[in-house]
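[1] A predicted structure for the sequence below; I have some questions about it.
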Amino acid sequence: MAKLKITIVQSHIYWDSPVKNISQFEAKLSDAHPTDLIILPELFNTAFSVTNEGESMSGETIQWMLSLAAKNKAVILGSLIIKENGKKYNRLICMNPDGSHQHYDKRHLFDLMNESSYFTPGKNRLIINIKGWKICPLICYDLRFPVFSRNNEDYDILVYVANWPASRIDHWDKLLVARAIENQCFVAAVNRVGCDINGVEFSGHSSLIDYNGNIIFKGDDSEHLKTFTINKVELESSRLKFPFLKDVDSFAIN
């Protein structure tokens, strides 16, 4: 398929309240337009409560994502705390409408919020395929590390889910554009809004950016749900006219 519909869900997140958060996202998505991909923020069911015990891969939030994907006939992306084999992960789930799923564990843990004291880092990127579009989903702090997100001509869209604070939102805005340009890809990024129990403010700025760094959409600091259609023919045409990805440096990441 040449076109892909992407739905960005920018929302406040209630602290340590999975049931309340699931309920609010259910309500927000009840009036969503038909779409192929729904993107929720980082830790959408608990906010940045790193001490939360997490859920298993058969837990309530995973079951809700399964139901939501089937109901909307769309892929659902969002991260939550997963406990597995005695370890906790900030895990991004890619839930497909048929109930199958893949996941990516956040590699770059944010120690200003003590993530590495509670979570185990991931090691490998994930590339998923939706209607012929190859998508690389990453989480928040990963945005600051361009080597890890380097496009080796293996994806068309970078997706970031985040709890990125208002105090550094200018970095978010600029780095998203940089990732789009340097990887010659679309970037779809979803951040939360509101204020958490620690007084940290989040100003949203969820964004959709094209392969030339043009901002298709940048949200403000309010809650919203937006659906956009992007065209793969335009992306491929741009890459043919300026095929610089073939010249990128290769890196080995330990």
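    Arrived safely, thanks for sending.

[2] max-length helix in the protein?
    Under DSSP state H, the helix in the chain containing the largest number of residues is helix 169-183.

[3] show me what it is packed against.
    Here helix 169-183 touches strand 157-162, strand 186-191, strand 207-209, going by 3 or more C-beta pairs under 8 Å, 6 or more residues apart in numbering; DSSP states H and E. The C-beta positions use only the backbone N, C-alpha and C, and glycine is treated the same way.

[4] would you reformat the ones you listed as CSV and include mean pLDDT and distance to residue 239?
    Listed next are those as CSV, based on pLDDT from 0 to 100; distance: least, C-beta to C-beta, whole Å:
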stretch, mean pLDDT, distance to residue 239
strand 157-162, 99, 13
strand 186-191, 99, 12
strand 207-209, 99, 16
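
[5] picking up where we left off before, which parts of the longest helix of the chain are buried?
    For helix 169-183, a neighbour-count test (16 or more other C-beta atoms under 10 Å) marks 169, 172-173, 175-177, 179-183 as buried.

[6] how much distance is there from it to the middle of the chain?
    With C-alpha atoms, centre = their mean, to the nearest Å as the basis, helix 169-183 stands 14 Å off its chain's centre.

[7] any buried residues in stretch 238-254, and which?
    Judged by neighbour count using 16+ other C-beta under 10 Å, the buried positions of stretch 238-254 are 239, 245.

[8] what sits up against that stretch?
    147-148, 150-153, 183-184, 211-212 (C-beta atoms under 8 Å, 6 or more residues apart in numbering).

[9] mind doing that once more with 10 Å?
    Contact with stretch 238-254 is made by 107, 123-125, 145-148, 150-154, 156, 182-185, 210-212, as judged by C-beta atoms under 10 Å, 6 or more residues apart in numbering.

[10] gap between residue 224 and residue 14?
    Distance of residue 224 to residue 14, computed by C-beta to C-beta, to the nearest Å: 18 Å.

[11] got it, and residue 144?
    From residue 144 to residue 14 the distance is 27 Å (C-beta to C-beta).

[12] now swap in residue 168 and tell me
    Distance from residue 168 to residue 14, counting by C-beta to C-beta: 23 Å.

[13] neighbour count for the two, which is higher?
    Higher neighbour count among residue 168 and residue 14: residue 14, with 19 against 12, using other C-beta atoms under 10 Å.

[14] who are the contact partners of the more buried one?
    Shown in contact with residue 14 (C-beta under 10 Å, 6+ apart): 20-21, 23-24, 45-47, 49, 194, 196-197.

[15] can you map out the helices along the stretch 51-200 of the chain?
    Per DSSP state H, counting those that start in this stretch, the stretch 51-200 of the chain carries helices over the ranges 60-72, 115-118, 169-183.

[16] who's in contact with the residue most central in space within the chain?
    Residue closest to the average C-alpha location in the chain (C-alpha atoms, centre = their mean): residue 161, at 2.9 Å. By C-beta under 10 Å, 6+ apart, the residues touching residue 161 are 9, 39-44, 77-79, 90, 92, 106, 137-140, 142, 188-192, 206.

[17] beta partners for it?
    When bridges are called by DSSP bridges, residue 161 pairs up with residue 139, residue 190.

[18] how near is the spatially closest residue to residue 66 that is not a sequence neighbour to residue 198?
    Take residue 66 and drop its neighbours on the chain: the residue closest to it by C-beta to C-beta, 6 or more residues apart in numbering is residue 99, 5.5 Å away. For residue 99, the distance to residue 198 equals 36 Å [C-beta to C-beta].

[19] what of residue 35?
    33 Å.

[20] same question, residue 253
    For residue 253, the distance to residue 198 - C-beta to C-beta - is 32 Å.

[21] among the helices of the stretch 51-200 of the chain, which is nearest residue 130?
    Minimum separation from residue 130 across these (C-beta to C-beta) falls at helix 60-72, 11.6 Å.
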